[in-house]
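In: got a structure for you, letters missing:
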């Protein structure tokens, strides 16, 4: 995540704040007895801030080689979140439409 001291030991995060689902599973998920599918389902279920009108907490992306990359986005109140461009990433998952 955003805070290095709160990351699972051994999780490799790149300079853009991304890490692969494989690294997350190696560093944390398998030790918790979780499957990759369970972790991704949980991430997508919790990827939006509640009551925020759809503000993303996490970005999920793929690199075309079958690798899934995750990124924890800046908190809603952070300076970088307030000044981030609307098109921060071209393939970040978007919130599905809600039923009326």
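Out: Arrived safely. As the structure is a prediction and not an experimental result, all values here were calculated from the model. Numbers count the residues shown, from 1 in each chain.
In: What is the longest helix of this structure by residue count?
Out: helix 36-45 (DSSP state H).
In: buried ones in it?
Out: By 16 or more other Cβ atoms under 10 Å, the buried positions in helix 36-45 come out as 39-40, 43. (C-beta placed from N, C-alpha, C; glycine too.)
In: do the same with stretch 44-61
Out: For stretch 44-61, a neighbour-count test (16+ other Cβ under 10 Å) marks 47-48, 56-60 as buried.
In: in the chain, which spans are helices?
Out: Using DSSP H, the helices found in the chain span residues 21-24, 36-45, 79-83.
In: for the longest one, packing partners?
Out: Helix 36-45 makes packing contacts with helix 21-24, strand 58-62 when contacts are defined by 3 or more Cβ pairs under 8 Å, 6 or more residues apart in numbering; DSSP states H and E.
In: rewinding a little: turn the helices of the chain into JSON lines, columns for mean pLDDT and distance to residue 69.
Out: Shown next, in JSON lines, are the helices of the chain (pLDDT from 0 to 100; distance: least, Cβ to Cβ, whole Å):
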{"stretch": "helix 21-24", "mean pLDDT": "96", "distance to residue 69": "8"}
{"stretch": "helix 36-45", "mean pLDDT": "94", "distance to residue 69": "12"}
{"stretch": "helix 79-83", "mean pLDDT": "44", "distance to residue 69": "19"}
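In: Any chance of these in a markdown table with distance to residue 4 as columns?
Out: What follows is those, written out as a markdown table (distance: least, Cβ to Cβ, whole Å):
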| stretch | distance to residue 4 |
| --- | --- |
| helix 21-24 | 14 |
| helix 36-45 | 19 |
| helix 79-83 | 16 |
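In: Tell me which of the ones you listed approaches residue 72 most closely.
Out: When these are compared by Cβ to Cβ, helix 36-45 sits nearest residue 72, at 10.0 Å.
In: my guess is residue 39 contacts residue 26, does it?
Out: No: the pair residue 39 and residue 26 fails to qualify as a contact (Cβ atoms under 8 Å) at a distance of 11.7 Å.
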